[in-house]
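Undergrad: just the structure for this:
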Amino acid sequence: MTGNESPSQKILASRRSFLRNAGIGGAAVAASSLAAPYVKAQSPIRWRLQTYSGAPLGAHVIKPQIDAFNAAANGEMVIELYYADQLVPTDELFRALQNGTLDAVQSDEATMASPVDISVFGGYFPFATRFSLDVPALFEYYGLKEIWEEAYSEVDNVTWLSSGAWDPLHIFTIDPIRSLADMRGKRVFGVPTAGRFLSRYGLIPVTVPWDDVEVALQTGQLDGVAWCGFTEAYEVGWADICNYALSNSITGAWFGSYFANTQSWERVPPHLQQLFRSTIDQSHYYRQVWYWGGEAKLRVEGEKMELTRLPEEEWAQVVRDAEGFWDEIAASSPRAEKVVQAFKTYADTMEKAGYPYR
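TA: Presented below is the predicted three-dimensional model:
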């Protein structure tokens, strides 16, 4: 580290050290040293797992977990990790998982085109969460775990394993957004559900491969991204191109999941299934801390983007519009209605609980 580093470079450098010191990284190192003398007589189980994320982000959201699992599996199983679009296009992840081209996937339902009636809630569902801890709380205590298990029990050859929280949703653009009118006509790379909601203000969702986003921003094919929070925008380089960050957050945390091909999952012995689940839990924990700390520091100390904000009356209108969006989605299926009701019950409970919950 040198004295010439910018504030954001110093923040990112200090946060990357968390990867080395966090439990999941330590698990990989410890397991690796213990496993070194072990020789497996038979061929290991081999899986192919593809994530929704590109390699720069994948270094945090998936690679530590896979490294830890492979080390701790002691030669019995090896997971090969692939990043966004490396084996199949991201919007074909579900079909590739179902037909066995992939053994496992890390993604949200909306991005991977999951054919379940709750797919709209994967990724960013407007105002469903405020904090990252809202996601595991909703799954563990407000019925979402059972709803997700039920939905995927009706789908052939795909097993949902777990959901966790990623970053909040902000809009990063080359030209500023200081009013709802400024959204009109802006082409943004984003998650489907958030794009569907924001399109009512004239924002145009555009789909390109993840690795092409940077070039698309540079060439004018995209005017911005509505895909992530400050941590990811800085980590993957989008903050180097986008000049402005809208500080109004549409959602406090992304819903991301792990899925397995059911036949592949059933061939894995119980102790390795448990190991995989345990490293998923470690990964959930790592991301929560990594995002939570990074969002605040980069929003306050990051120098690459100017913060803008919608006028209070316009922001209040967006919040009211989201209530109608919730009701519209709730009417789409009985199961979707259960999810929306869980969101409403949870939000009401948190407001009544007050600080530190709201």
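
Undergrad: three-state assignment of Ile171?
TA: Applying DSSP: H, G, I helix; E, B strand; the rest coil to Ile171 yields a three-state assignment of strand.

Undergrad: which residues does it contact?
TA: With contacts defined as C-beta atoms under 8 Å, 6 or more residues apart in numbering, the neighbours of Ile171 are Ile177, Met183, Val188, Leu198, Leu203, Gly224, Val225, Ala226, Ala245, Leu246, Ile250. Placement of C-beta: from N, CA and C, glycine included.

Undergrad: let me see the contact set for the closest residue to Pro269 other than its chain neighbours.
TA: Nearest residue to Pro269 in three dimensions, chain neighbours excluded: Glu76, at 7.8 Å (C-beta to C-beta, 6 or more residues apart in numbering). Glu76 makes contact with Lys40, Pro44, Ile45, Pro269, Leu272, according to C-beta under 8 Å, 6+ apart.

Undergrad: measure the fourth one to Leu81 for me?
TA: Applying C-beta to C-beta, to the nearest Å, one obtains 21 Å for the distance of Pro269 from Leu81.

Undergrad: between the two, point out the one with more neighbours.
TA: Neighbours per residue (other C-beta atoms under 10 Å) separate Pro269 from Leu81, with Leu81 holding more: 21 against 11.

Undergrad: coming back round to it: can I get the buried part of the contacts of Glu76 as one ChimeraX selection?
TA: One line in ChimeraX is enough to select the buried members of these, burial here meaning 16 or more other C-beta atoms under 10 Å:
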select :45,272
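
Undergrad: go through the contacts of Glu76 and say which is closest to Trp254.
TA: Comparing those against Trp254 with C-beta to C-beta picks out Leu272 as the nearest, at 27.8 Å.

Undergrad: which non-adjacent residue is nearest the closest one?
TA: According to C-beta to C-beta, 6+ apart, the nearest residue to Leu272 is Met77 (5.3 Å).

Undergrad: please report phi then psi for that neighbour.
TA: With angles defined as degrees, to the nearest 10, Met77 shows backbone torsions of phi -150, psi 140.

Undergrad: my guess is it meets Val268, correct?
TA: Yes - taking C-beta atoms under 8 Å as the definition, Met77 is a contact partner of Val268 at 6.9 Å.

Undergrad: what is in contact with these two at once?
TA: When C-beta under 8 Å, 6+ apart defines a contact, the residues bordering Met77 and Val268 alike are Ile45.

Undergrad: where does the stretch 201-350 of the chain dip in pLDDT?
TA: Low-confidence segments of the stretch 201-350 of the chain, defined by pLDDT under 70: none present.
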